[in-house]
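Student: would you be able to build a 3D model of this:
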Amino acid sequence: MVPTRMRLTDDDKRALRAYWEFFEPIAADINKQLRNSLSALPEWSPILRMVTPEQAERQERESRARQHEAMIDGNWAPYLQEVRAQGIQYAKLGISFVAWYDIIAIYRELIRQRLTELARDDLDRATLIGNGMNRMIDIAMSHLGEAYLSAKEQIIAQQQEAIRELSLPVLQVRERVLIVPLVGMIDSTRARLLIETLLGAIRDKRAHGVVIDVTGIPIVDTAVANHLVQCCDAASLMGTRVVITGISPDMARTLVSLGAKLPAAETLGDLQEGIEYVERALGYRHDDASEASPAAEQVPSE
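Tutor: Below you'll find the predicted structure:
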């Protein structure tokens, strides 16, 4: 069975059969030479060392059976499934896609040398075999490349998610008090992740106070302000007191000039001041009136 999107003409099938009938008797020798050449390449040598000669022989025997089934019997599904699995496996191992072309280049040269000898006696057959080889490589690389790139995209997405999570830490400084030090630009994606992460932490830690520090945000504009509003409103709905710290004079002037809507939360100068404010509000600190800041004096006792 040939996949619907892989259209093979009668000429393709004839060339593929001719190629396989030429290749199968010399496959073991070609594969041995191929492994020897690849063992000298830095990307492939560690992979080859992981496979014992017995395992390599078994894998090659099974692969030849699938290729035979594809090119002689017309059942491509098992072989293409193997090719896709290889693409995923080597993507996860960190093999570059360019490294696959090293294999193709070496393989083509090994076959070319054999075909050159054949062409002296039968040029038409050598040409047909060469066409079959090229068609086989095209089929294999298209499916391998598709699986490889899909696996790489998944890996990159997972890495990006991990980076986003690291860039939006929610830290517990004491029982029921969290801090969120924001660093970098806050776009809609990071804002959504911030809200999800913060609300999850509030639930898990049963937090009653949160300090969001914006010192590390290079630009605070209306979009960022709106994201902070959403975050504070969501936290407030869960009964959590929210404090914003780190708004610089430049940020304040920018927000005022833009007419940005600010969160309905207390704003203080720095992170330490914000933590102390929340601790007093929650009854963890009982500073003397003479030492309390004006902001702290305005906090109603609970």
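Student: domain ranges for the protein, per the record?
Tutor: Residue ranges for the domains of the chain, per automatic domain parsing: 10-160, 168-297.
Student: rebuild those as JSON lines, extending it with mean neighbour count and mean pLDDT.
Tutor: Quick note: C-beta positions are derived from backbone N, CA and C, even for glycine. As requested, these are exported to JSON lines (neighbours: other CB atoms under 10 Å; pLDDT from 0 to 100):
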{"stretch": "domain 10-160", "mean neighbour count": "15", "mean pLDDT": "92"}
{"stretch": "domain 168-297", "mean neighbour count": "17", "mean pLDDT": "81"}
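Student: could you look up the SS state of V220?
Tutor: Here V220 is recorded as coil under DSSP: H, G, I helix; E, B strand; the rest coil.
Student: now it, nearest residue through space, not along the chain?
Tutor: Spatially, and ignoring its direct neighbours in sequence, V220 is nearest to M251 (4.4 Å; CB to CB, 6 or more residues apart in numbering).
Student: which helix or strand contains the one you found?
Tutor: Element membership for M251, per DSSP states H and E: helix 249-258.
Student: what helices or strands is that helix leaning on?
Tutor: Using 3 or more CB pairs under 8 Å, 6 or more residues apart in numbering; DSSP states H and E, the elements in contact with helix 249-258 are helix 222-237.
Student: ok, and what's touching the helix it packs on?
Tutor: The contact list for helix 222-237 (CB atoms under 8 Å, 6 or more residues apart in numbering) reads 186-188, 191, 194-195, 198-199, 202, 210, 212, 214, 217, 242, 244, 255, 258-265.
Student: show me what secondary structure element comes after that helix.
Tutor: strand 241-245.
Student: and the contacts of that following strand?
Tutor: With contact meaning CB under 8 Å, 6+ apart, strand 241-245 is reached by 208-215, 228, 231-232, 235-236, 263, 265-271, 273-274, 277-278, 281-282.
Student: and it, which strands flank it?
Tutor: strand 209-216 (parallel), strand 266-268 (parallel) (DSSP bridges).
Student: redo these as JSON lines? Include distance to R17.
Tutor: Compiled in JSON lines, the strands paired with strand 241-245 are given as follows (distance: least, CB to CB, whole Å):
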{"stretch": "strand 209-216", "distance to R17": "64"}
{"stretch": "strand 266-268", "distance to R17": "77"}
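Student: nearest to N36, out of those?
Tutor: strand 209-216 (53.7 Å; CB to CB).
Student: could you pull out the strands in the stretch 51-200 of the chain for me?
Tutor: Listed in chain order, the strands of the stretch 51-200 of the chain (DSSP state E, counting those that start in this stretch) span residues 171-174, 177-183.
Student: for R66, which of those strands is the nearest?
Tutor: Closest to R66 of the strands of the stretch 51-200 of the chain is strand 177-183 (CB to CB; 50.6 Å).
Student: tell me the angle the closest one makes with strand 209-216.
Tutor: Strand 177-183 and strand 209-216 are oriented at 20 degrees to each other (axes from the mean of the first three to the mean of the last three CA atoms, to 10 degrees).
Student: elements contacting strand 177-183?
Tutor: Here strand 177-183 touches strand 171-174, helix 188-205, strand 209-216, helix 271-281, going by 3+ CB pairs under 8 Å, 6+ apart.
Student: report all helices and strands that the one helix or strand E21 maps to contacts.
Tutor: According to DSSP H and E, E21 maps onto helix 10-23. Applying 3+ CB pairs under 8 Å, 6+ apart, one finds that helix 10-23 contacts helix 53-71, helix 97-119, helix 123-167.
Student: can you name every helix or strand that the second one contacts?
Tutor: It stands for helix 97-119. For helix 97-119, the elements it packs on are helix 10-23, helix 27-38, helix 123-167, judged by 3+ CB pairs under 8 Å, 6+ apart.
Student: kindly report the same for the last one.
Tutor: In terms of contacts (3+ CB pairs under 8 Å, 6+ apart), helix 123-167 is packed against helix 10-23, helix 53-71, helix 77-92, helix 97-119, helix 188-205.
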